[in-house]
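Visitor: sequence plus the predicted model coming up.
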Amino acid sequence: MASIQFTFSYSPGKLEEFIKKLQTVGAPEKISSEYPKSIGFGSSHARSFPAALKYAGLLDSSGQPTEVYKKGLRGGSQGRVLVSKAIMQAYKPMFDTYPDANNHSDSDLVTFVKSHSDFDEDKSRLVVRTFKVLCKFGEFTATGDDGQDDDGDDGDDSNPKGDAPRRRHRDNSGGAVVINVNIALSVDATSDAAVYDAFFAAMAKHLKGLMDGSS
């Protein structure tokens, strides 16, 4: 079985703090192994933080911030989607096996890492903990979005006249499709009650025809 070159941090918790710190400072021209010390992370373990960012696609091979770094770490929900896509690419073999790897059990992921690398149990656990820290900065539920809401809603169809939108709902219990239509009508202001009586009488007639199936 081919070996995968995973990366890990000896201090995953501090790595998380480091990435959060990066979200509050300007994007540096380059992040080297010495950079963490300049923003308050002086531990020797912090020297490995840039390697984890490179592995996740946030830095290029020279340590320069990528577009994922620039647009992802501070880009709100859309930015988090960019980060998640980069992580899924970096850990593709893991996601191929466990599509929900970001939420999957650590024990299964540790077993996967051990079987695809030369790492022992302890280092494999660090790989998984590092991976889970990186995943905290992504938004994975949106990466597989097919354009539908979770409740089966196919979305809104805007009325070209600017009236209330029509919303289609899928009936998952059978093959039928239920369509709810919101109709906006207006009547010129008048003090003549007969006008309103005629208006509502006509509306009732047409609605009854629709319910009866007649034209």
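Guide: Cool, the structure landed.

Visitor: does residue 22 touch residue 70 like I think?
Guide: No: look at residue 22 against residue 70 with C-beta atoms under 8 Å: they stay out of range, at 10.9 Å. Placement of C-beta: from N, CA and C, glycine included.

Visitor: what about these two, which has more around it?
Guide: residue 22 (23 against 14; other C-beta atoms under 10 Å).

Visitor: low pLDDT regions in this protein?
Guide: Counting by pLDDT under 70, the chain has low-confidence residues at 1-2, 142-196, 199, 206-215.

Visitor: could you pull out the strands for it?
Guide: For the chain, strands defined by DSSP state E occupy the ranges 153-157, 166-170, 177-180.

Visitor: residue contacts, residue 55?
Guide: 6, 7, 90 (C-beta atoms under 8 Å, 6 or more residues apart in numbering).

Visitor: residue 56 is in contact with the last one, correct?
Guide: Yes: look at residue 90 against residue 56 with C-beta under 8 Å: they come within range, at 5.3 Å.

Visitor: more neighbours, these two?
Guide: A direct count of neighbours by other C-beta under 10 Å for residue 90 and residue 56 places residue 56 higher, at 27 against 19.

Visitor: so who does the more buried one touch?
Guide: Contacts of residue 56 by C-beta under 8 Å, 6+ apart are 83, 86, 87, 90, 134.

Visitor: hmm, which two among the residues you listed are most spread apart?
Guide: Checked with C-beta to C-beta, the contacts of residue 56 reach their widest spread between 83 and 90, with 10.5 Å between them.

Visitor: tell me the one among the contacts of residue 55 nearest to residue 119.
Guide: Looking across the contacts of residue 55 and measuring by C-beta to C-beta, the closest to residue 119 is residue 6, at 6.9 Å.

Visitor: identify the residues contacting the nearest residue to the closest one once chain neighbours are set aside.
Guide: Excluding the flanking residues, the one nearest residue 6 by C-beta to C-beta, 6 or more residues apart in numbering is residue 127, at 4.6 Å. Applying C-beta under 8 Å, 6+ apart, we find residue 127 in contact with 6, 7, 8, 110, 113, 117, 119.

Visitor: ok, now how distant is the nearest residue to the second one once chain neighbours are set aside from residue 8?
Guide: Just to be clear, that refers to residue 7. Spatial nearest neighbour of residue 7, chain neighbours left out: residue 55 (4.3 Å); criterion: C-beta to C-beta, 6+ apart. Note on residue 55: its distance to residue 8, by C-beta to C-beta, to the nearest Å, is 9 Å.

Visitor: what do you get for residue 204?
Guide: 71 Å.

Visitor: more neighbours: those two, which one.
Guide: The residue with more neighbours, out of residue 204 and residue 8, is residue 8; 22 against 10, by other C-beta under 10 Å.

Visitor: my guess is that one meets residue 123, correct?
Guide: Yes: judged on C-beta under 8 Å, residue 8 makes contact with residue 123 at a distance of 6.4 Å.

Visitor: ends of stretch 101-111, how far apart?
Guide: Across its full length, stretch 101-111 reaches 13 Å between end residues, using C-alpha to C-alpha, to the nearest Å.

Visitor: what residues of it count as buried?
Guide: 101, 102, 104, 109, 110 (16 or more other C-beta atoms under 10 Å).
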